[in-house]
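A.B. asks: fold the following, please.
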Amino acid sequence: HMISPCMKDLSARSGGSSPCNSRQGCDDVKSHAMAGFKASDGRVVVGIAKDGNIIYGPYDNDGGPISGLDVCNGREIDGAYSYVGSE
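C.D. replies: Alright, predicted model coming up:
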C-alpha cells in the first residue's frame, strides 16, 4: 500500500516523468513513498477509500507505526474501520 509524498509536499511535483528525478532520498519507490511522512506528524488523514473508509498515513499519534492491522491493512481507529498506508 503506497502513498505518494506529493499529497503533502507539492515541491515533489517537479517536471519530468517522475517527481523523484533529482530529489535526494529517492533511491527507490518505498523511500519515495515514505518521504512525505514524519513520525512527528502523528496520525494524518491522507484520503478516503472508494468504500468510504478513511485512509491514514503510517504513523500513530505517539509517533510509532500504526499497529494491529488486518489483511486489508486496516483496523478500527476512533470507532470506525480505517485503512493505513504502511511500509
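
A.B. asks: residues in contact with the spatially closest residue to G74 that is not a sequence neighbour?
C.D. replies: Spatial nearest neighbour of G74, chain neighbours left out: Y83 (4.4 Å); criterion: CB to CB, 6 or more residues apart in numbering. Just so you know, the C-beta spots here come from the backbone N, C-alpha and C atoms, and that holds for glycine as well. Residues counted as contacts of Y83 (CB atoms under 8 Å, 6 or more residues apart in numbering) are H1, A49, N53, I54, I55, Y56, C72, N73, G74.

A.B. asks: drop anything exposed from the residues you listed.
C.D. replies: Buried residues within those, counting neighbours by 16 or more other CB atoms under 10 Å: N53, I54, I55, Y56, G74.

A.B. asks: among those, which are located in strands?
C.D. replies: Using DSSP state E to define strands, the subset of the buried ones among the contacts of Y83 located there is I54, I55, Y56, G74.

A.B. asks: would you map the strands across this structure?
C.D. replies: Assigned by DSSP E, the chain shows strands spanning 45-48, 54-56, 74-77, 80-84.
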